[in-house]
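# have a look at this prediction, sequence included:
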Amino acid sequence: MIAWAKIHQRSAIICGLTLLLPFLVYCKLLGAAWGLRAEAAGAIDNLGPRIARMQGVLQVQDQLTTLARDAQQLRGQLVYPATADRNTAAASLQSSLRQLMSEAGLSISDSQVLPVREEEKFDYIGIRLTVSGDMASLDRALVALADFKPLVMVEALTAWPTRQRRQRGDAETQEVTVSLRLLSLRSVL
């Protein structure tokens with residue numbers, strides 16, 4: 001065989017290259033298969049933490065459901081429901097706030113429903129009130145406002161003293177006029 005290769009060198013080189021070519025293709029395919037196996041093993045390793053998270057979620061699913069239900073109920077107490085009409089909710093809020101201010105001892109000189117601002121999950125219902133009275137009445141009104149349901153937020157508050165004439169011997173009371181911009185939410189979802 002070696003004698004033939006020495007005599008027919010060119011043919012031997014061609015035969016050697018012909019045999020080498022399938023060997024190189026085989027090595028290339030073997031390397032690609034090994035790479036695919038490594039990728040699959042990596043993907044399986046990446047699935048481990050995801051599976052563990054899902055198993056953890058399944059273990060506490062009842063607790064999560066209860067917490068979600070509680071959050072929905074709390075949201076129902078803090079905002080107007082989506083079933084309430086915007087204008088009806090705004091009128092109801094205005095009426096309730098006027099009554100709250102009157103019960104606190106403040107006199108209302110102006111009350112206006114502001115245009116509803118539409119956001120992604122909530123409509124912002126704004127009310128502007130101008131009230132006047134003594135500081136104790138204002139304090140009672142703000143405390144009552146903190147306990148009001150659905151939640152009312154004070155977006156702006158401007159206060160200035162009311163000028164008053166006083167006679168000698170009258171007790172000194174601080175009268176103020178307050179402009180409030182109040183905000184409540186109406187669920188869109």
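Happy to help now that I have it.

# give me the mean pLDDT for the helix or strand where Thr18 lies.
Here Thr18 sits within helix 9-59, counting by DSSP states H and E. Averaged over helix 9-59, pLDDT sits at 87.

# buried residues in whatever helix or strand comes next after it?
Next along the chain after helix 9-59, taking DSSP H and E as the criterion, comes helix 61-78. Within helix 61-78, no residue is scored as buried using 16 or more other C-beta atoms under 10 Å. All C-beta spots, glycine's among them, are computed from the backbone N, C-alpha and C.

# gap between helix 61-78 and the chain center?
Remark: helix 61-78 is offset 15 Å from the chain centroid, using C-alpha atoms, centre = their mean, to the nearest Å.

# okay, the angle between the helix holding Thr18 and helix 61-78?
For helix 9-59 against helix 61-78, the angle by axes from the mean of the first three to the mean of the last three C-alpha atoms, to 10 degrees is 60 degrees.

# give the contact list for the spatially most central residue of the chain.
The chain has Lys121 as the residue nearest its centroid, 8.6 Å off, counting by C-alpha atoms, centre = their mean. By C-beta atoms under 8 Å, 6 or more residues apart in numbering, the contact set of Lys121 is Ser187, Val188, Leu189.

# please spell out the ChimeraX selection for the buried subset of those residues.
A single ChimeraX command selects the buried members of these (16+ other C-beta under 10 Å):
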select :187
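
# hmm, which of the contacts of Lys121 is lowest in pLDDT?
Within the contacts of Lys121, pLDDT reaches its minimum at Leu189, with 77.

# can you tell me how far it is from Arg75?
According to C-beta to C-beta, to the nearest Å, Leu189 and Arg75 sit 10 Å apart.

# then Thr66?
Shown here: Thr66 relative to Arg75, a distance of 15 Å by C-beta to C-beta.
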